[in-house]
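Engineer: Need coordinates for the below:
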Amino acid sequence: MIPFNRPFIIGKELDYIKQAVESGKISGDGLFTKKCQQYMEDRYGFKKVLLTSSCTDALEMCAILSDIQEGDEVIMPSFTFVSTANAFVLRGANIVFCDIRPDTLNIDASRIEPLITPKTKAIVVVHYAGVACDMDPIMSIARKHRLLVIEDAALATEAFYKQIPLGSIGDLATYSFHETKNIIAGEGGALLINNESFIERAEIIREKGTNRSKFFRGETDKYNWVDIGSSFLPSEIIAAFLYGQLEQLEDIQKKRISIWNKYYQSLQELETQGFIRRPVIPGYATVNGQMFYILCRSLKERSDLIVYLLNKNIKAVFHYLPLHSSPFYKERYSGKELEVTDRVSDTLLRLPLFYNLTDEEQEYIINSVYEFYHKL
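Structural biologist: Next up is the predicted model:
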C-alpha cells in the first residue's frame, strides 16, 4: 500500500531528543524550543515566534489575543479545517463564511467587504495548499475597516507572497508541524506574531495566564495569575524533533517541490483532454510542495477514482467538508450559498505526497490515474 502520508526522519531528530532528555528538562520552553523559535524569527522576519502543542492551540491563542467577545463576527473561508473556525467559536464569535476563488481555492478577496458589519472583528485567511491568498487587497480592506488579519498558514511553511514569507503579513499567524505537513514533529505548531503589541500578552496566555516568562527573565520578583490562558507549550521532545527537521528544511523543500512538479507536468495531458484540473499558481505566489491535488468533474467521478486507486493499493483522499454545512454549524449559518466551496469540496482529490515517496511509487500513482481515465 502506498499511504497518503509517511512520516520520516532526515537528520538529527533522535539525537536531539536524547540530548533533551539528558539535559534534565523535557517540559516546555527549553533549549530546543528556543532554537526553533529563533530559527523561524531569523529566517522569516517574524517579530516573535512561540511554539505551541499544535496549530489548533496557536489559533486559539489568536482568538484570545483578538479579544473576541460574544457576538463578534469573524470572516473566513468555509473550505478549511475545523480548527480555523472552532478557535473563534470557543470565544463566542459568529463565523461569517466567505466563498473561495475557483482558481487558487483561497478566500475571494472581492467578496470580503460586503460581509463586513459593525460587529466584524477580524478576517482569517487560509493559504490553501501552501499557495498564497492575494494579500494586498485583503490587507487594504482590513486597514480601511480597522480589522485584524490572521493568517492560517498551517500549510504554508516556506511559501511566499510577492517574495514575502506567508505568516509575516497579517497581525498574527499560525504554523502546523503535524505529520502531514512539510516540516513535522508528529504534532506541534507555532504562533507567529507580527504586531508587537501582542507579544507580552501572548507569552502570558501561553503560560496558563501567568507572567512566568517575565519571572524567568528576571523582569518580576514572582509570577502570578494575571490573565486567562492555558497550557499551550509543547514539550522539549517535540521541539527537539522539530529542530532536527528545521536544520534540513532546504533539502526537504527541494524534494517535495520536485515531487509536486513531477505530478504537475505528468498530469498535464489529462487536463488538456478535459478530464481533470491541476492546481493554479498565480504570479504572486510560490509552490512549497505541501500537497498536490486534482479537481475531478463530479463527486461520483472522484469517488470512483478513490476506490480505483485503493484497489491499486494507493491511498488518495478528499479534503475539507465545508464548515457551513457541517452538523455543528449548519443551523447557525445564514444559509447564503457558497457555490465554489461546495463544488470544490465535492471534486477535489489529494494524491500521496511525502518526503520519502519514491520515484517508482510516484510513477505507479500517475500511471494508475491515467489508467482510470482511459477506461472511462
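
Engineer: ranges for the strands of the stretch 251-376 of the chain?
Structural biologist: Remark: strands assigned in the stretch 251-376 of the chain by DSSP state E, counting those that start in this stretch are 292-295, 348-351.

Engineer: residues in contact with the first one?
Structural biologist: Outside of strand 292-295, the residues within contact range by C-beta atoms under 8 Å, 6 or more residues apart in numbering are 129, 259-260, 263-264, 267, 270, 276-279, 319, 344, 347-351, 353, 369. For every residue, glycine as well, the C-beta is placed using N, CA and C.

Engineer: repeat that with 7 Å
Structural biologist: 129, 260, 263, 267, 276-279, 344, 347-351, 353 (C-beta atoms under 7 Å, 6 or more residues apart in numbering).

Engineer: swap in the last one?
Structural biologist: By C-beta under 7 Å, 6+ apart, the residues outside strand 348-351 that reach it are 263, 291-296, 302, 305-306, 316-319, 365.

Engineer: Likewise for stretch 221-230?
Structural biologist: Counting by C-beta under 7 Å, 6+ apart, 64, 201, 204-212, 215 sit against stretch 221-230.

Engineer: could you redo the residues you listed as JSON lines and give each row neighbour count and pLDDT?
Structural biologist: Shown next, in JSON lines, are these (neighbours: other C-beta atoms under 10 Å; pLDDT from 0 to 100):
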{"residue": "64", "neighbour count": "23", "pLDDT": "98"}
{"residue": "201", "neighbour count": "18", "pLDDT": "96"}
{"residue": "204", "neighbour count": "21", "pLDDT": "95"}
{"residue": "205", "neighbour count": "22", "pLDDT": "96"}
{"residue": "206", "neighbour count": "27", "pLDDT": "96"}
{"residue": "207", "neighbour count": "25", "pLDDT": "93"}
{"residue": "208", "neighbour count": "15", "pLDDT": "93"}
{"residue": "209", "neighbour count": "17", "pLDDT": "91"}
{"residue": "210", "neighbour count": "18", "pLDDT": "91"}
{"residue": "211", "neighbour count": "20", "pLDDT": "87"}
{"residue": "212", "neighbour count": "19", "pLDDT": "81"}
{"residue": "215", "neighbour count": "15", "pLDDT": "75"}
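
Engineer: Name the nearest of the residues you listed relative to residue 331.
Structural biologist: Using C-beta to C-beta, residue 64 comes nearest to residue 331 of these, at 25.9 Å.

Engineer: show me the contacts for that closest one.
Structural biologist: 91, 205, 228.

Engineer: ok, now residue 119?
Structural biologist: Residues near residue 119 by C-beta under 7 Å, 6+ apart: 71-73.

Engineer: hmm, back to that, okay, the contacts of residue 64 in a markdown table with distance to residue 43 and secondary structure next?
Structural biologist: Converted to a markdown table, these look like this (distance: C-beta to C-beta, whole Å; DSSP: H, G, I helix; E, B strand; the rest coil):
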| residue | distance to residue 43 | secondary structure |
| --- | --- | --- |
| 91 | 31 | coil |
| 205 | 25 | helix |
| 228 | 31 | coil |
